[in-house]
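K.L.:
Fold the following for me, if possible:
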Amino acid sequence: MALDVAAMAARALSSACFASQLQASSNLCVLDLRPNLQYRQSHIQDAISLSLSNLLLRRVAANGIGILPGYVKERLARASTIVLYDAETEDVERSADQKSALKVMLEAVQAVAMSVYFLCGGFSSFQSAYPDLCKVVAAENASSGSSTHGLAATQAHPHYHPSAPSAPAAGFAQSHPLQCRNASNLNLRLPSGRACAKSSAEELLSETKSPAQLAPHMFLGSIDHASDSELITSLGVTAVLNVSTQCKNYFSDRLKYMQIPVEDKINSSLMPYFQQAADFIESVREANGIVLVHCVGGVSRSPTVCIAYFVLKHLMSVDDAYAHVKNRRPMMDPNFSFMGELRMLEKRLRQEDHQLMAGHAPRVSGSATA
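P.N.:
Sure, this is the predicted structure:
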């Protein structure tokens, strides 16, 4: 699809005009295309971070917005007006970077929506003119005495009591801009400061008492959590993903269940179930429900499935997904065989991306099969 430069020039939106729309309309979708670190420091109010790697930009250019995460597509579908911005682009037509995120995303979004604009002068110009309409995250975190480590400062589930270490695993918040973006849009608040540090015994006790919240729609736990009717009700769980052969589906009369009958053995395989499990979890999210993923101890099988979900549905690398789950539930430890299958999944997805780059049939996000 050819880039309609004339249409793009006509779609430029001044800071003044955008400020008026931002204050008057509740049906805007604003996409911040700058690097995730810049977004975490400051951004226009209500903007969604969409920091795309070069590889994903190529996939968007080839496939359109269909490969974007579900929460972004939902916001785009609901919006009457869509505004994109980067750091400081004044004129898309004369931009030196012909493959910039702004150009690629404008083309992709214009293919499916009518009222699509880019903010002339980007965030820099808008913040200078309308600082009150921008959110300075770093300053707010400093004043509140807490740190979100780059994750969105939205409260987690009211019944959730964090027991994870106070900082993400090395490299999680620094590398892979898209993966950090997806993790940040899971709307989790990490524990702040070393004051949260616990002894290993206290930490283990806390972990076993409560399931770990990996996302607003997703908890990871054990058979103890899955069989606790009062806990299930208090968490608002609507579905359960049972990754075991021996655990019962205790509340099948009122909850939606999926069971993966796999044992925690070195010769067991979860690979054939990765896609189905990821689709199940995503269907719960799309229905505004909450899913509890569990096995017997919540140590090996169920964490493996959760990592596969983030890889398939949130476009995270295995390392970043592993770090995120480990941060929320430090006792998790997938067996060697399951980790190998996760690496195989990642390798397959990478090969399909290479095929796309080479001009072969593209992969649709989340469509890998065993």
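
K.L.:
what does the average pLDDT come to for stretch 100-119?
P.N.:
Confidence over stretch 100-119 (mean pLDDT, whole number) is 87.

K.L.:
Tabulate the CA atom coordinates of it in PDB.
P.N.:
Output in PDB follows, covering the C-alpha atoms of stretch 100-119 (Å, rounded to 0.1, in the frame of the first residue of the first chain):
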ATOM      1  CA  SER A 100       9.800   6.000  11.000                       C
ATOM      2  CA  ALA A 101       7.300   4.600  13.500                       C
ATOM      3  CA  LEU A 102       5.100   7.600  12.900                       C
ATOM      4  CA  LYS A 103       5.000   7.000   9.100                       C
ATOM      5  CA  VAL A 104       4.400   3.300   9.400                       C
ATOM      6  CA  MET A 105       1.700   3.600  12.000                       C
ATOM      7  CA  LEU A 106      -0.100   6.400  10.200                       C
ATOM      8  CA  GLU A 107      -0.300   4.300   7.100                       C
ATOM      9  CA  ALA A 108      -1.500   1.200   9.000                       C
ATOM     10  CA  VAL A 109      -4.100   3.000  11.100                       C
ATOM     11  CA  GLN A 110      -5.400   5.100   8.100                       C
ATOM     12  CA  ALA A 111      -6.100   1.800   6.400                       C
ATOM     13  CA  VAL A 112      -8.800   1.000   8.900                       C
ATOM     14  CA  ALA A 113     -10.000   4.300  10.300                       C
ATOM     15  CA  MET A 114     -11.100   7.700   9.000                       C
ATOM     16  CA  SER A 115     -10.200  10.300  11.700                       C
ATOM     17  CA  VAL A 116      -6.500   9.800  12.100                       C
ATOM     18  CA  TYR A 117      -4.000  12.600  12.800                       C
ATOM     19  CA  PHE A 118      -0.400  13.100  13.900                       C
ATOM     20  CA  LEU A 119       0.500  15.800  16.400                       C
END
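
K.L.:
Buried residues in that stretch, which are they?
P.N.:
Using 16 or more other CB atoms under 10 Å as the test for burial, stretch 100-119 gives 100-110, 113, 116-119. For every residue, glycine as well, the C-beta is placed using N, CA and C.

K.L.:
Out of the residues you listed, the closest to Ala129 would be?
P.N.:
Nearest to Ala129 among these is Leu119, at 11.0 Å by CB to CB.

K.L.:
Distance check, the closest one against Leu231.
P.N.:
46 Å (CB to CB, to the nearest Å).

K.L.:
What residue, apart from its backbone neighbours, is nearest Gln127 spatially?
P.N.:
Excluding the flanking residues, the one nearest Gln127 by CB to CB, 6 or more residues apart in numbering is Cys134, at 4.9 Å.

K.L.:
Go ahead and confirm the one you found touches Ser42.
P.N.:
Yes: Cys134 sits in contact with Ser42 when judged by CB atoms under 8 Å, with a separation of 5.8 Å.

K.L.:
Need the overlap of contacts for those two.
P.N.:
Taking CB atoms under 8 Å, 6 or more residues apart in numbering as the criterion, Cys134 and Ser42 both touch Phe123, Gln127.

K.L.:
related to what we said a few turns ago, point out the ones among the buried residues of stretch 100-119 that are inside strands.
P.N.:
Those of the buried residues of stretch 100-119 mapping onto strands are Val116, Tyr117, Phe118, Leu119, per DSSP state E.

K.L.:
so can I have CSV of these showing distance to Asp279?
P.N.:
Formatted as CSV, those follow (distance: CB to CB, whole Å):
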residue, distance to Asp279
Val116, 30
Tyr117, 34
Phe118, 34
Leu119, 36
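
K.L.:
Under a three-state scheme, what state does the closest residue to Arg75 other than its chain neighbours occupy?
P.N.:
Nearest non-adjacent residue to Arg75, counting by CB to CB, 6+ apart: Cys29, 4.7 Å away. Here Cys29 is recorded as strand under DSSP: H, G, I helix; E, B strand; the rest coil.

K.L.:
And for Cys29, the neighbour number?
P.N.:
For Cys29, the neighbour count with other CB atoms under 10 Å is 23.

K.L.:
distance of Gly121 from Tyr130?
P.N.:
Gly121 is 11 Å from Tyr130, where distance means CB to CB.

K.L.:
Show me which of those two is the more surrounded one.
P.N.:
More neighbours surround Gly121 than the other of Gly121 and Tyr130, with 23 against 17 (other CB under 10 Å).

K.L.:
my guess is the more buried one contacts Asp91, does it?
P.N.:
No: with contact defined as CB under 8 Å, Gly121 and Asp91 do not form a contacting pair (9.7 Å).

K.L.:
Which of the ones in strands among the buried residues of stretch 100-119 sits closest to Ser15?
P.N.:
Leu119 (7.0 Å).

K.L.:
Quick check: mean pLDDT of stretch 313-333?
P.N.:
91.

K.L.:
what does stretch 267-285 give?
P.N.:
Mean predicted lDDT for stretch 267-285 stands at 95.

K.L.:
Likewise for stretch 76-90?
P.N.:
Per-residue pLDDT over stretch 76-90 has a mean of 88.

K.L.:
Where do the strands of the stretch 151-300 of the chain begin and end?
P.N.:
212-215, 218-221, 239-242, 256-259, 291-294 (DSSP state E, counting those that start in this stretch).

K.L.:
Would you mind saying which of these lies nearest His324?
P.N.:
Using CB to CB, these put strand 212-215 closest to His324, at 7.1 Å.

K.L.:
Tell me the helices and strands packed up against the closest one.
P.N.:
Contacts defined by 3 or more CB pairs under 8 Å, 6 or more residues apart in numbering; DSSP states H and E place strand 212-215 against strand 218-221, helix 318-328.
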